[in-house]
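Enquirer: for reference, the sequence and a predicted model appear below.
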Amino acid sequence: MITLALDTSTAGVAVAVLDDDLVLVSGSVVADRGQGEQLAPTIERVMKDAGVSRADRIVVGVGPGPFTGLRVGLVTADVLALVWQVPLVGVCSLDALARQAREERPDRSVLVATDARRSEVYWARYDAAGARTHGPEVGLAEVAARAAGDGWAVGEGARRYAESFAAVGVEVGGPEFIDAAQLVLALNVQPDIALPPRPLYLRRPDAVEPSARKLVGR
C-alpha cells in the first residue's frame with residue numbers, strides 16, 4: 001500500500017512516500033512560517049522521486065503545533081484525500097519524533113519538545129519502551145525540562161531552549177525536526193495511535209478577532 005505522509009507542525013515541512021513499511025522517498029525543508037509556499041512543491045518533488053502519481057492512504061501529523069502551520073498541512077491532506085478518494089489518518093507529531101529518536105537510542109526514555117514560541121514548547125515524555133507517559137502539553141521550557149527526569153530531550157524546542165534543559169542536567173540531542181516517514185512507521189506498529197485528522201492546537205491562535213466593536217468618539 002502506497003502511503004503519502006506529511007507534517008507541518010514545526011518549522012520543517014516534511015513529506016514522505018512509503019510502500020507499506022518501505023520508505024521510498026523522504027524529504028523535508030525548513031520553512032519557518034512559510035509552510036504554505038513550501039508544502040505543495042515538496043509533495044510534488046517527493047512523489048515524482050518515488051515514481052508515484054497518487055497514494056492509497058494519507059497520514060498527516062496533527063501536532064501539537066502553531067495554528068497556521070497545522071492548518072496548511074491538514075487542509076492539504078484533506079483535499080488530496082478527497083480528490084484521490086483515499087483514507088486520511090492523523091498521528092500525533094510528537095509520537096513520530098519520539099520513534100525517530102528511539103532509533104538512535106532505543107534504551108533511553110525521551111522527552112520530545114517542539115518550539116511553541118513565547119519561551120514555551122509543545123512536549124511529551126516517552127519511556128524506554130516507546131510508550132507515551134505524559135503529554136502532549138504546552139508550557140514553559142523550564143517545566144518541560146524538569147519533566148524530562150533522567151531521560152534526554154530532542155526536537156527543535158529542546159535545542160532552542162537547551163539552557164533550560166542543561167540547568168537540570170538533561171542532555172539535548174538527537175533529531176531536531178520530524179521525518180514524515182516516522183508517522184507511518186509508528187502507525188504501522190501501533191494502529192491504536194491513529195487520530196482523527198483534526199489539528200491538536202493545545203492553545204488559542206496568537207491572532208484573534210476583537211471581542212467587540214469600539215465606538216469612535218466615545
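Expert: Arrived safely.
Enquirer: alpha carbons only for contacts and neighbour counts from here, please
Expert: OK.
Enquirer: need the strands for this structure, in chain order.
Expert: 2-7, 12-19, 22-30, 57-61, 88-91, 110-117, 120-126, 132-140, 152-154, 171-172 (DSSP state E).
Enquirer: what's the pLDDT at V216?
Expert: At V216 the predicted local confidence, pLDDT, stands at 49.
Enquirer: please apply the same query to G12.
Expert: The per-residue pLDDT reported for G12 equals 84.
Enquirer: what's the burial count for P196?
Expert: Using other C-alpha atoms under 10 Å, P196 is surrounded by 12 other residues.
Enquirer: ramachandran angles for it?
Expert: Note on P196: backbone dihedrals following degrees, to the nearest 10 are phi -60, psi 150.
Enquirer: what number of residues are in the vicinity of A131?
Expert: The number of residues near A131, taken as other C-alpha under 10 Å, comes to 13.
Enquirer: any idea how far it is from G149?
Expert: Applying C-alpha to C-alpha, to the nearest Å, the value for A131 to G149 is 15 Å.
Enquirer: cool, and L183?
Expert: L183 sits 26 Å away from G149, taking C-alpha to C-alpha as the criterion.
Enquirer: who has more neighbours, the two?
Expert: Comparing L183 with G149 by other C-alpha under 10 Å, the one with more neighbours is L183, at 29 against 16.
Enquirer: walk me through the domains of this structure.
Expert: The record, using automatic domain parsing to delimit domains, assigns the chain the ranges 2-93+178-193, 94-172.
Enquirer: end to end, how far does the last one reach?
Expert: Okay, so that is domain 94-172. One end of domain 94-172 to the other measures 16 Å (C-alpha to C-alpha).
Enquirer: what do you get for the first one?
Expert: One end of domain 2-93+178-193 to the other measures 20 Å (C-alpha to C-alpha).
Enquirer: about what we covered before: now the domains of the chain in CSV, with distance to L202?
Expert: Below are the domains of the chain laid out as CSV (distance: least, C-alpha to C-alpha, whole Å):
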stretch, distance to L202
domain 2-93+178-193, 7
domain 94-172, 7
